[in-house]
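Enquirer: pasting the sequence and the predicted coordinates here, then a few questions.
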Amino acid sequence: MANTIHFTKMHGAGNDYIYVNTLIDMIPDPAKASIEWSKPHFGIGSDGLVLIGRPSEDSVADFSMHIYNADGSEAMMCGNASRCIGKYLYEKGFTKNTRIKLETLSGVKVLNLHLNDENKVGSVTVDMLEPMMTMTEQFTGKHPSLSSIPGAKEGVFVSMGNPHYVIFVDDIKDIDIAEYGKILERDDAFPQRCNIEFAQLVGKDKLRTRVWERGSGITWACGTGACATATAAVISGLTDRKVEIIMDGGTLNIEWNEDDGHIYMTGPAEFVFEGEIQIP
């Protein structure tokens, strides 16, 4: 059993990851493990691997999160994964607090857990901090060509600690997410590659959004992508500051708070199954 570790499969609105608690088990090569375990049919199948651990010594956080995409690349942040970590830590007994500070590569995020009548975590609100629209090393400022994409308007750059490019379209059903997402992720406008969101306004303060995630491809949901989409919609004058984002795997509620400028994301987190697997 020395070469095996315990894992937990969880999802947030269908955005599914393999979770390993490094307070208990260590993985020598998490990038390799993520590639092998994320494969459908041949592994567990997931959008990637998430490591739950201790924060760095000088951090004010309670716990830490490290994320590896299905292609082995390390991600800065994942909103859906952070909600799942909140549920995991509380329901597995690693904390009794309903307010958890989580260290990520894009800063410390605060998780507020909402308990149901059975003392289980029904949903989680994450303080995603302030979005950034100014040009960073993630963006060149040059917009990629969208002329071949049906009904596409010029996109909006948004950084939620990780890079996003939000494209509003007339009808999302007309968009081949795999075809255009794969091309746009690696466009010259994005030196570090980019997450791509396609969004359609479908009602008052309501957007239907599909995502191509950097390093993972099409995913059922993306927490930072939902935040970026809401931010872009507010900037573009399409919605007010409270926005409902309908993704393939479920709905996330996003608020861009006018008082502190922070983005607050609320959504579900669910256990799928647990098991043991051999370390590659």
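Expert: Great, that's in hand.

Enquirer: for T22, which non-adjacent residue is spatially closest?
Expert: Distances taken as C-beta to C-beta, 6 or more residues apart in numbering place G53 nearest to T22, at 4.1 Å, with adjacent residues excluded. No exception for glycine: its C-beta is placed from N, CA and C like everyone else's.

Enquirer: tell me which residue is most central in the protein.
Expert: Centroid-nearest residue in the chain: C78, 3.1 Å away (criterion: C-alpha atoms, centre = their mean).

Enquirer: show the contacting residues for that residue.
Expert: Contact analysis of C78 by C-beta atoms under 8 Å, 6 or more residues apart in numbering lists 15, 17, 50, 65, 67, 222-224.

Enquirer: same thing but 7 Å
Expert: Contacts for C78 were tallied using C-beta atoms under 7 Å, 6 or more residues apart in numbering; they are 67, 223-224.

Enquirer: ok, and the most crowded of those residues?
Expert: Within the contacts of C78, most neighbours by other C-beta atoms under 10 Å means T224, with 32 neighbours.

Enquirer: returning to that earlier point: next, count neighbours for the residue nearest to T22.
Expert: Around G53 there are 15 residues (other C-beta under 10 Å).

Enquirer: how about it: which residues does it bridge to?
Expert: Beta-bridge partners for G53, by DSSP bridges, are S64.

Enquirer: do the same with G217
Expert: Per DSSP bridges, the residues bridged to G217 are E213.

Enquirer: residue ranges for the helices of the chain, please.
Expert: With DSSP state H as the criterion, the chain has helices at 30-38, 79-91, 177-185, 223-235.

Enquirer: those: which one's closest to G72?
Expert: Comparing these by their distance to G72 (C-beta to C-beta), the top pick is helix 30-38, with 3.9 Å.

Enquirer: would you indicate which residues of that closest one are buried?
Expert: Judged by neighbour count using 16 or more other C-beta atoms under 10 Å, the buried positions of helix 30-38 are 30, 33-38.

Enquirer: rewinding a little: the residue nearest to T22 reaches S64, doesn't it?
Expert: Yes. At 4.7 Å, G53 counts as touching S64 under the criterion of C-beta atoms under 7 Å.

Enquirer: hang on, the earlier thing: JSON lines please, covering the helices of the chain and showing mean pLDDT.
Expert: Output for the helices of the chain, formatted as JSON lines (pLDDT from 0 to 100):
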{"stretch": "helix 30-38", "mean pLDDT": "98"}
{"stretch": "helix 79-91", "mean pLDDT": "98"}
{"stretch": "helix 177-185", "mean pLDDT": "97"}
{"stretch": "helix 223-235", "mean pLDDT": "97"}
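
Enquirer: how about those helices, which one is nearest E274?
Expert: Closest of the helices of the chain to E274 is helix 79-91, at 10.6 Å (criterion: C-beta to C-beta).

Enquirer: buried stuff in stretch 272-280?
Expert: Neighbour counts over stretch 272-280 (16+ other C-beta under 10 Å) mark 277, 279 as buried.

Enquirer: residues contacting it, please?
Expert: Here stretch 272-280 makes contact (C-beta under 7 Å, 6+ apart) with 3-11, 16, 27, 32-33, 36-37, 44.

Enquirer: are any of these buried, and which?
Expert: Neighbour-count burial (16+ other C-beta under 10 Å) applied to the contacts of stretch 272-280 gives 5, 7-11, 16, 27, 33, 36-37, 44.

Enquirer: turn these into CSV, columns for distance to Q192.
Expert: Compiled in CSV, the buried ones among the contacts of stretch 272-280 are given as follows (distance: C-beta to C-beta, whole Å):
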residue, distance to Q192
I5, 30
F7, 29
T8, 30
K9, 28
M10, 27
H11, 26
D16, 24
I27, 25
A33, 23
E36, 25
W37, 25
I44, 28
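
Enquirer: among the residues you listed, which are in strands?
Expert: Counting by DSSP state E, these place 5, 7-11, 16 in strands.

Enquirer: need the max-distance pair from those residues.
Expert: Greatest spacing in those, by C-beta to C-beta: I5 and H11 (19.8 Å).

Enquirer: low pLDDT regions in this protein?
Expert: Along the chain, the model assigns pLDDT under 70 to residues 1-2.

Enquirer: domains in it, by residue range?
Expert: Domain segmentation of the chain under automatic domain parsing yields 4-128+267-278, 156-260.
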